[in-house]
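In: Predicted structure and sequence below. I'll ask about it afterward.
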Amino acid sequence: MNKEALNIGMIGLDTSHAPLFAEMLNSPAHPFHVPGGRVTTAFPGGSPDFPLSISRVEGYTTQIRDEYGVRMVDHAEAVAEAADAIMLLTVDGRLHVEQFEAVAPYGKPVFIDKPFALSSRDAQTIARLAEEHHVPLMSCSSVRWAANLAAAAEQGLLGELIGVDCSGPMELQSTQPGFFWYGIHMADMLYRCMGPGCVEVRATSSEEHDLAVGLWSDGRIGTIRGNRKGNKRFGALLHREGGADFVDIYTNEKPYYASMLEAVMQMFQTKAVPIHITETIEVIAFLEAANESRSTGSPVKLKLPASGEAR
């Protein structure tokens, strides 16, 4: 492992993750400081047609530049040129293919924040680019890294895992349709526990709730429930042969985003990716199928690459 501090570049200062990660990396006094690198260069970006993106850029840019000494540049390629590793944090998933295409030729490790992509086609394109340019690539929701979720998924005191029900808040954003905006948090929780292998999704929705039910190839069933009313805490109910185990994501002393940032930094240093790209692609295919079923009311098969593609 390279013990020298890495120069980390950020692309997209339109998410609260940008100043949070900059502080945790650049400020040793932070209670969950992650050593090993510093954010040194950033491209602010921002999507004019996405209010939750463009409205944040100026404030976060000022904070990250003035408080953490980060140099601002005017395009993604300049970040890739200056950095040893890249955090592509752009909150607008529509831009991830374009921005990754710009930096992939530099061959540096990249973390793409959620949502990885807004279609199976885009997810497979990013994966293909990463393979072509030998880019260590990782993408996920931070909620996947909650310590108690990992513990519940890995312990087998109650027998074999036979299904999981995940829930959490799910506000809707027109530019990141349906389940993609916040449903991806629950989907990543689900896949952290169940692993890949979903073949079909059926979804239903109302004004206040959304539910997607996934059928795995081995007969297991996993669900994600998004709430716009009532309970908006992330949680998971793991069903095992001998009983069920409920996980409240918020009971950890250590926040899940700190655990994720540690995993990202380890990937930057070792080039070893902790989540296989085929699982990341399947998470996007799950959400895509859920959105289609949400519209049609019919079950939808997952659109996954053929064997050997985008792997």
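Out: Received it, and whenever you're ready, just let me know what you need.
In: Helices along the stretch 51-200 of the chain, start to end?
Out: 51-68, 76-82, 96-103, 120-132, 147-154, 183-194 (DSSP state H, counting those that start in this stretch).
In: List the buried residues of the second one.
Out: Pointing back at helix 76-82 there. 76, 77, 78, 79, 80, 82 (16 or more other C-beta atoms under 10 Å). Every C-beta, even on glycine, is put in place using the N, C-alpha and C of the backbone.
In: do the longest one as well
Out: By neighbour count on 16+ other C-beta under 10 Å, the buried set for helix 51-68 is 52, 53, 56, 57, 60, 61, 63, 64, 65, 68.
In: ditto for stretch 95-112
Out: Here stretch 95-112 shows 95-97, 99-100, 102-104, 106, 108-112 as buried, counting by 16+ other C-beta under 10 Å.
In: What of stretch 260-272?
Out: Residues 260, 261, 262, 263, 264, 265, 266, 267, 268, 269 are the ones in stretch 260-272 that count as buried (16+ other C-beta under 10 Å).
In: Kindly reformat those as TSV containing distance to residue 211.
Out: Compiled in TSV, the buried residues of stretch 260-272 are given as follows (distance: C-beta to C-beta, whole Å):
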residue	distance to residue 211
260	26
261	31
262	33
263	29
264	31
265	36
266	35
267	33
268	37
269	40
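In: Now render these as CSV, adding distance to residue 191 and pLDDT.
Out: Formatted as CSV, the buried residues of stretch 260-272 follow (distance: C-beta to C-beta, whole Å; pLDDT from 0 to 100):
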residue, distance to residue 191, pLDDT
260, 14, 98
261, 20, 98
262, 20, 98
263, 15, 98
264, 18, 98
265, 22, 98
266, 20, 97
267, 18, 98
268, 22, 98
269, 25, 97
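In: could I get these as JSON lines with distance to residue 10 and secondary structure?
Out: Shown next, in JSON lines, are the buried residues of stretch 260-272 (distance: C-beta to C-beta, whole Å; DSSP: H, G, I helix; E, B strand; the rest coil):
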{"residue": "260", "distance to residue 10": "15", "secondary structure": "helix"}
{"residue": "261", "distance to residue 10": "13", "secondary structure": "helix"}
{"residue": "262", "distance to residue 10": "17", "secondary structure": "helix"}
{"residue": "263", "distance to residue 10": "17", "secondary structure": "helix"}
{"residue": "264", "distance to residue 10": "12", "secondary structure": "helix"}
{"residue": "265", "distance to residue 10": "14", "secondary structure": "helix"}
{"residue": "266", "distance to residue 10": "18", "secondary structure": "helix"}
{"residue": "267", "distance to residue 10": "16", "secondary structure": "helix"}
{"residue": "268", "distance to residue 10": "13", "secondary structure": "helix"}
{"residue": "269", "distance to residue 10": "17", "secondary structure": "helix"}
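In: what's the closest of these to residue 8?
Out: Of all these, residue 268 has the smallest distance to residue 8: 7.2 Å, by C-beta to C-beta.
In: Can you give me every residue that contacts that closest one?
Out: Residues in contact with residue 268 (C-beta atoms under 8 Å, 6 or more residues apart in numbering) are 6, 8, 36, 37, 84, 85, 109, 111, 136.
In: hmm, try it at 10 Å
Out: 2, 6, 8, 36-37, 83-87, 108-111, 136, 138 (C-beta atoms under 10 Å, 6 or more residues apart in numbering).
In: which non-adjacent residue is nearest it?
Out: residue 85 (3.9 Å; C-beta to C-beta, 6 or more residues apart in numbering).
In: Which residues does that neighbour form beta bridges with?
Out: Assessed by DSSP bridges, residue 85 has beta-bridge partners residue 8.
In: I figured it hits residue 137, correct?
Out: No. Checked against C-beta atoms under 10 Å, the pair residue 85 and residue 137 is beyond contact range at 11.2 Å.
In: Give the residues shared as contacts by these two.
Out: Residues touching both residue 85 and residue 137 by C-beta under 10 Å, 6+ apart: 109, 110, 111, 267.
In: Where do the strands of the stretch 101-250 of the chain begin and end?
Out: Secondary structure of the stretch 101-250 of the chain (DSSP state E, counting those that start in this stretch): strands located at 110-113, 137-140, 161-169, 198-205, 209-216, 221-227, 235-240, 243-248.
In: Are there helices or strands packed against the longest one, and which ones?
Out: Right, strand 161-169. Secondary-structure packing of strand 161-169 (3 or more C-beta pairs under 10 Å, 6 or more residues apart in numbering; DSSP states H and E): helix 147-154, helix 183-194, strand 209-216, strand 221-227, strand 235-240, strand 243-248.
In: could you give the angle of it to strand 221-227?
Out: Using axes from the mean of the first three to the mean of the last three C-alpha atoms, to 10 degrees, the direction of strand 161-169 lies 10 degrees away from that of strand 221-227.
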